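Asker: Pasting the sequence and the predicted model now:
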Amino acid sequence: MTDFAIGDIQGCYDRLLAVLDKVGFSPSRDCLWVAGDLINRGPDSLKTLRYLESLGGATRVVLGNHDLHLLAVALGGHKPRKKDTLAEILDAPDHDRLIGWLRQQNLCLHDAKRRLFMAHAGLPHIWTVNQANALARELEAVIQGPDAEEYFTYMYGNEPERWDDGLTGMLRWRSITNYFTRMRFIAQDGTLELDTKESAGAAPGGFAPWFHFPRDEDITVLFGHWAALEGKTGRERFIGLDTGCVWGGALTIMNLDGGERIHCDC
């Protein structure tokens, strides 16, 4: 049995099958960790979602901002954006089942034995692994529960900019969402800067890439979301898996035990 982790697929179904074939992935014996942004912007979002859902226990998924956006359109009354490729999912006869499956997925994954942590955007230095796990479970309960419609209606926004343990309700939920699925640049005090999307060297004044801040814990963090990094963080313990497949880059898969990274050009 081999566990693999893969970066942002974003509906690039053919490339997904190609890179899985490269590593000899078999759902009967292997497991695939997906770093979020399963769908949207690519050509085959519906096929991708159906395939990943069909893997059952052979896949472990964290939600990305594009996945939450689909749920916000389906459940929160938001309209698709101009560049979205979500219509085929929303119109599919198995739409309800796929949306229901997506709602059941995690915001982070933690393998204590391997000392691995995965979240779509990463792990802010202001949270311990235990705290991040607890906050993820808290928000997952909202997404899966009776407050989901309210959450998805008001999910969007950059406020509050900084985490506070005393936050409650929608402000708390939105803050957790932004750290897990939108974070790139952060300040020492935990303030997020959510507008800049360029590479690590483009940090606005007073901010730095979130992985530049040291952690005391013995943990390796896997993340997607930041295609402009091209998978390069310059830090061994912070592994970027989004290598811009949907933008013409590559789709990257990693062996979680050996550490090898295999790419499929897009």
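Answerer: Now that the structure is in, tell me what you want to look at. Predicted model, so just to flag it, every value in this text is computed and none were measured.

Asker: Report the separation between G7 and R15.
Answerer: If you measure G7 against R15 using CB to CB, to the nearest Å, the figure is 11 Å. C-beta coordinates here come from the backbone N, C-alpha and C atoms, glycine included.

Asker: so who does the residue lying closest to I143 once chain neighbours are set aside touch?
Answerer: For I143, ignoring the flanking residues on the chain, the nearest one in space by CB to CB, 6 or more residues apart in numbering is R103 at 5.6 Å. Going by CB atoms under 8 Å, 6 or more residues apart in numbering, R103 touches L71, I143, Q144, A148.

Asker: Look at the nearest residue to G36 once chain neighbours are set aside and say how many residues are nearby.
Answerer: In space, and not counting its chain neighbours, G36 is closest to G64: 2.7 Å by CB to CB, 6+ apart. Close neighbours of G64, defined as other CB atoms under 10 Å, add up to 30.

Asker: Torsion angles phi and psi at G64?
Answerer: The phi and psi values for G64, taken as degrees, to the nearest 10, are phi -110, psi 180.

Asker: hang on, the earlier thing: higher neighbour count, G7 and R15?
Answerer: Ranked by neighbour count (other CB under 10 Å), G7 and R15 place G7 first, with 32 against 22.

Asker: My read is that E88 contacts P43, right?
Answerer: No - between E88 and P43 there is no contact under CB atoms under 8 Å: 9.8 Å.

Asker: In contact with the closest residue to L116 other than its chain neighbours, which residues?
Answerer: Among residues not flanking L116 along the chain, T220 sits closest, at 5.4 Å (CB to CB, 6+ apart). Going by CB under 8 Å, 6+ apart, T220 touches R114, R115, L116, F117, E236, R237, F238, I239.

Asker: Among the residues you listed, which are located in strands?
Answerer: Applying DSSP state E to those, the entries found in strands are L116, F117, F238, I239.

Asker: List the contacts of the first one.
Answerer: Residues in contact with L116, defined by CB under 8 Å, 6+ apart, are L109, H110, I219, T220, L222, L256.

Asker: By neighbours, which of those wins?
Answerer: Once you tally neighbours by other CB under 10 Å, L222 ends up highest among the contacts of L116, having 25 neighbours.

Asker: okay, that residue: pLDDT?
Answerer: We have a pLDDT of 98 for L222.

Asker: And for L63?
Answerer: According to the prediction, L63 has pLDDT 98.

Asker: That one reaches Q104, doesn't it?
Answerer: No - using CB under 8 Å, L63 is not in contact with Q104, being 10.0 Å away.
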